[in-house]
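Novice: I would like the atomic coordinates for the input below:
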Amino acid sequence: MYNSEMNDFSSNRRGQSQPVSRKGSRKSARFNLPEQGAGDDYVEITLDVMDDSVAVHSVKVAGGGGSEDPELALLAKGLENRGSSRIKQVSEELRRLATLTRRPQPAAFDRSKSAAVRALKGLKFITKTDGTAGWAGVEKRFNELTAETNGLLPRALFGSCIGMNKESEEFAEKLFDALARRRNISGISIINKVQLKEFWDQISDQTFDSRLQTFFDMVDKDADGRIAEEEVREIISFSASANKLSNIQKQADEYARLIMEELDPNGAGYIMIENLETLLLQGPSHSIRGDSQKFSKLLSEKLKPTNDNPIRRYWRGFTYFLQDNWQRIWVLALWIGIMAGLFAWKYVQYRHRAVYNVMGPCVCMAKGAAETLKLNMAIILLPVCRNTITWLRTKTSIGSAVPFDDNINFHKVIAIAITIGVGIHGLAHLTCDFPRLLDATPEQYAPMIRYFGQQPTSYWWFVRGWEGVTGVIMVVLMAIAFILALPWFRRGRVALPKPFNQFTGFNAFWYSHHLFVIVYICYVIHGIMLYLSREWHKKTTWMYLAIPVLMYMGERLMRAFRSSIQPVKFSKVAVYPGNVLALYMNKPNGFRYKSGQYVFLNCRAISPFQWHPFTITSAPGDDYVSVHIRAAGDWTRQLRVVFSEVCQPPQSGKSGLLRAEYVTGENNPNFPKVLIDGPYGAPTQDYKEYDVLLLVGLGIGATPMISVVKDIMNNIRASDEEENSIESGAKGRTKGNNFKTSRAYFYWITREQGSFDWFKGVMNEVAEHDHKGVIEMHNYCTSVYEEGDARSALITMLQQLNHAKNGVDVVSGTRVKSHFARPNWRAVYKRITLNHPNTRVGVFYCGAPQPVKELKQLSLDFSHKTSTKFEFHKENF
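Specialist: Numbers count the residues shown, from 1 in each chain. Have a look, this model is predicted:
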């Protein structure tokens, strides 16, 4: 009998996974049976379910024994003869239920606490929801949004009202429709506050069953209790669009078939809510067990802030500061000490000269500042002598005491000191020295005649001489170079109207910085034509400048000679999504480099003068040199255009939007001429000093890390070959492999799905050939909502299914499984600390400056409070 079968099915369902609550009435092929003892009379109907019809066998009053009511029998005949479409639908549903009861039941769902918690994390519609307090905020926004609509909230404003961002408007509208269908009010476009409260109660319900039902209703657009393949295809396309995953959107048909194949193995043509529940409850879990869990708790206790007395806390912070920054401290202390000594020396010297009686302490201040300017104008060239710094950090051990990674920062600090020095020197002359000379009586001025001649009568007298002219030129040119070097101008953040927009961007920075040639010529003239010093040996400006200027000129001559011998030959060029240009060049003779280093490129087709730095993405063992360039500025955009003109759409199976390759003996493309200069040292090149690495790349900042990953893979292969040769008993000496790195964690965070195409080959190579698990790859796509958000729930399911079946991630298109949103860096550091106690970990970062503060602070915190020492390095350009 139907009733008994339904009861059997319901009890079976409860025993497995607890039924999803179905409050309220709705149109559905599923039946709502009254509970026993509800007080309502009902009947037992015995049906013969056939292929295309339902025959009524008997109708009896429930609990009425075996007698059949004549009136009910007559009603049954009417139902049978009518043969309506509703009866056919009931027939199909009953046959499905009967099949379910006869089918061997699958293994019981894991409704354990851990599985439920994991599943709950997979379906969050609202974040930071806390019941009543959450509703208070929703109610406040409702009142604001409906102030002019008489308390009625339009469907289009539903997302804003419940706290979703503008990018989630389409998702919010679909959620609105699902909640409305659930209450049999579909088709409406406005709701009142009472209805909004009902909607809110459902989406803020923290139970798994409620969240699952809400998600199911969003997919089940026709509210028939089933999800057809067309509905799956539509929700995949929508989810991909909401998460900016264009590749998944294009393959929606393929992925819909995959989901149907997995969740509808019997070919019924639809998915039930139980299938989704199975998928969510049986998702992978990662837990820390046993001793690791104990260590994790101990570590958490260690990392908690302590409540020591202020003196002890400040002293501990001071000692930590000294430990972390002692290299910078001694360099800055030495530099400041030398400046202070020079200033004091000149101040005292002029304090005892005759000019002091007329010009007073102002002349001492001006001359003291001038002496510091001589020092700083000399040493500001040293941090940009890249060949010298590369040689020192590569060939000597000076790098252990001198922070070469901060060369550009030191260059900027010196520039600030020069600005201060120029200000003191100029103001002391203009506001104090010169007015005193102009206002002096003839008797007071008499000792000054030997220096200035006849007494000046106006400021113009001081300006028209060599000293004044060169001083004004230097100040103007240095001001231009300083302003255009500020991040707002150099990175083009300032929007200026035409034609002034030419003063922003890297080109303006590059050209203005080369005004230093004129500045140094004027500076030497200014130092020779001094008013108060006549003897040549007292005109010391040229003495300060001689060695640094010669070093810098030698650097520039070396660059010009090394790069102008012959343009590089290209083996391959590719244009990738995200405005990235990849150049693969034949390695020039004698060109040796380390992973993490960079080169300068010059393209004569754009400018014969401009040289721009780019990190090498190939490994030292490769027979080519590659760079990946993101078109983000004037020069890089022009470079992409120039190379795009010689590229064509790629053949099937090859990556890139455009592509060009050099093939021997064929009609090859005419590549633009490019000169290369380098390599130059960078922080990441020191990665071999560490046993464990944490490599972090943001967007195109992954380039130095990719080179390191390739180098590690090359060393892994070399080590394997060496082991195989030893095992096979091959004669001859094997080349010793002194490779130190035993584990590398690579985190690549990018905003666009297409970015993964840049290094797809590298990621697949690691996944396929790193059998020892030396490299652990973590790709993060920030355009996708965080794992656990309902907006990315279907993407997560699809990712699990496709990776399990085909071994390919649907987001990155590689064998490396992607994560969503951004990493929890504290959890990353904690995990590495647990895995590698008593170890030095090299943390290398390249990318936008936003995460630097957090990564650096975590490195310090974990180094101070655990046995694992994290040493943070970041790239500077």
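
Novice: how near is Trp510 to Asn602?
Specialist: Applying C-beta to C-beta, to the nearest Å, the value for Trp510 to Asn602 is 12 Å. Quick note: C-beta positions are derived from backbone N, CA and C, even for glycine.

Novice: overlap in contacts of the two?
Specialist: In the contact map built from C-beta atoms under 8 Å, 6 or more residues apart in numbering, the residues linked to both Trp510 and Asn602 are Gln610.

Novice: and stretch 753-764, how far out from the chain's middle?
Specialist: Averaged C-alpha coordinates place stretch 753-764 at 15 Å from its chain's average position (C-alpha atoms, centre = their mean, to the nearest Å).

Novice: After the longest helix along the chain, heading C-terminal, what element do we hit next?
Specialist: Of all the segments assigned as helix in the chain under DSSP state H, the longest by residue count is helix 310-351. Moving toward the C-terminus from helix 310-351, the next helix or strand (DSSP states H and E) is helix 355-359.

Novice: Low-confidence ranges, the stretch 251-400 of the chain, go.
Specialist: Judged against pLDDT under 70, the low-scoring parts of the stretch 251-400 of the chain cover residues 279-308.

Novice: Mind doing that once more with 50?
Specialist: Counting by pLDDT under 50, the ranges of the stretch 251-400 of the chain that qualify are 285-292, 294.

Novice: Give me the neighbour count for the residue nearest to Pro577 when sequence neighbours are not counted.
Specialist: The spatial neighbour of Pro577 that comes closest, neighbours along the chain excluded (C-beta to C-beta, 6 or more residues apart in numbering), is Gly754 at 2.8 Å. Gly754 has 19 neighbours, counted by other C-beta atoms under 10 Å.

Novice: quick one: contacts for Gly754?
Specialist: Ser246, Asn247, Tyr576, Pro577, Gly578.

Novice: where does the last one fall, helix, sheet strand or coil?
Specialist: Classification of Gly578 by DSSP: H, G, I helix; E, B strand; the rest coil places it in coil.

Novice: Could I get the contacting residues of it?
Specialist: Counting by C-beta under 8 Å, 6+ apart, Gly578 touches Arg630, Glu752, Gly754, Ser755, Trp758.

Novice: Which pLDDT value belongs to Leu477?
Specialist: The model reports Leu477 with a pLDDT of 94.

Novice: right, and the helix or strand after the helix or strand harbouring it?
Specialist: Of the helices and strands defined by DSSP H and E, Leu477 is found in helix 466-484. Using DSSP H and E, the helix or strand that follows helix 466-484 towards the C-terminus is helix 487-490.

Novice: Could you tell me the end-to-end distance of stretch 622-636?
Specialist: Between the opening and closing residues of stretch 622-636 there is a gap of 25 Å (C-alpha to C-alpha, to the nearest Å).

Novice: ok, back up a step: what residues does the helix holding Leu477 touch?
Specialist: Residues external to helix 466-484 that are found in contact with it (C-beta under 8 Å, 6+ apart): 415, 418-419, 422, 426, 462-463, 489-490, 503-504, 508-509, 512-513, 515-516, 518-519, 522-523, 525-526, 529-531.

Novice: and the residue positioned nearest the centre of the chain, what is it in contact with?
Specialist: With the centre of the chain defined as its mean C-alpha position, the nearest residue by C-alpha atoms, centre = their mean is Ile749, 3.5 Å away. Ile749 makes contact with Val696, Gly697, Leu698, Gly699, Tyr780, Thr782, Arg822, Pro823, Gly847, according to C-beta under 8 Å, 6+ apart.

Novice: Quick one, which of the residues you listed are buried?
Specialist: Val696, Gly697, Leu698, Gly699, Tyr780, Thr782, Gly847 (16 or more other C-beta atoms under 10 Å).

Novice: For the residue lying closest to Ser189 once chain neighbours are set aside, which residues are in contact?
Specialist: Taking C-beta to C-beta, 6+ apart, and ignoring the residues beside it in sequence, Ser189 has Arg155 as its nearest neighbour in space, at 4.6 Å. Listed by C-beta under 8 Å, 6+ apart, the contact partners of Arg155 are Glu173, Phe176, Asp177, Ile188, Ser189, Ile190, Ile191.

Novice: ok, so of those residues, who is nearest Trp391?
Specialist: When the contacts of Arg155 are compared for distance to Trp391, the smallest value, 62.4 Å, is given by Glu173; criterion: C-beta to C-beta.

Novice: who does the residue nearest to the centre of the chain bridge with?
Specialist: When bridges are assigned using DSSP bridges, the partners listed for Ile749 are Leu698, Tyr780.

Novice: distance of it from Asn387?
Specialist: Distance, Ile749 to Asn387, using C-beta to C-beta: 33 Å.

Novice: again, but for Phe862
Specialist: Phe862 sits 36 Å away from Asn387, going by C-beta to C-beta.

Novice: With neighbour numbers in mind, choose between the two.
Specialist: Just comparing Phe862 and Asn387: by other C-beta under 10 Å the higher neighbour count belongs to Phe862, 23 against 19.

Novice: looking at it, the more buried one is touching Thr833, isn't it?
Specialist: Yes - look at Phe862 against Thr833 with C-beta atoms under 8 Å: they come within range, at 5.7 Å.

Novice: doesn't Tyr255 make contact with Lys805?
Specialist: No - taking C-beta under 8 Å as the definition, Lys805 is not a contact partner of Tyr255, at 11.1 Å.

Novice: So these two - more neighbours on which side?
Specialist: A side-by-side neighbour count of Lys805 and Tyr255, using other C-beta under 10 Å, places Tyr255 first with 23 against 11.

Novice: Just say helix, strand or coil for the more buried one.
Specialist: When states are read from three-state DSSP, the local structure at Tyr255 comes out as helix.

Novice: Roughly how far does it sit from Arg637?
Specialist: Between Tyr255 and Arg637 the distance is 35 Å, computed by C-beta to C-beta.

Novice: can you check Asn409 too?
Specialist: On the measure of C-beta to C-beta, Asn409 and Arg637 end up 28 Å apart.

Novice: Then Asn667?
Specialist: Plainly put, Asn667 is 28 Å away from Arg637 if you go by C-beta to C-beta.

Novice: Neighbour count: these two, which is higher?
Specialist: Here Asn667 and Arg637 are set side by side on neighbour count (other C-beta under 10 Å), and the busier one is Arg637, at 15 against 6.

Novice: quick one: what helix or strand has the more buried one in it?
Specialist: With elements delineated by DSSP H and E, Arg637 resides in helix 634-644, which encompasses its position.

Novice: Show me what secondary structure element comes after that helix.
Specialist: The element immediately downstream of helix 634-644 (helix or strand, assigned by DSSP H and E) is strand 658-661.

Novice: Mind jotting down where the helices sit in the stretch 151-300 of the chain?
Specialist: Counting by DSSP state H, counting those that start in this stretch, residue ranges of the helices within the stretch 151-300 of the chain are 158-161, 169-182, 193-203, 208-219, 229-242, 246-250, 252-263, 273-281, 290-303.

Novice: separation between the residue nearest to the centre of the chain and Asp622?
Specialist: Counting by C-beta to C-beta - Ile749 and Asp622 are separated by 25 Å.

Novice: Equivalent analysis for Thr833, please.
Specialist: Applying C-beta to C-beta, one obtains 34 Å for the distance of Thr833 from Asp622.

Novice: So the two - more neighbours on which side?
Specialist: Using other C-beta under 10 Å, the more surrounded residue of Thr833 and Asp622 is Thr833, with 24 against 16.

Novice: How about that one, nearest residue that isn't a chain neighbour?
Specialist: Spatial nearest neighbour of Thr833, excluding adjacent residues (C-beta to C-beta, 6+ apart): Thr868 at 4.5 Å.

Novice: what do you get for Val852?
Specialist: Skipping the residues right next to it in sequence, Val852 comes nearest to Lys874 by C-beta to C-beta, 6+ apart, at 5.8 Å.

Novice: which residues does that neighbour contact?
Specialist: For Lys874, the contacting residues are Asp405, Pro683, Phe844, Tyr845, Cys846, Val852, Lys856, taking C-beta under 8 Å, 6+ apart as the criterion.
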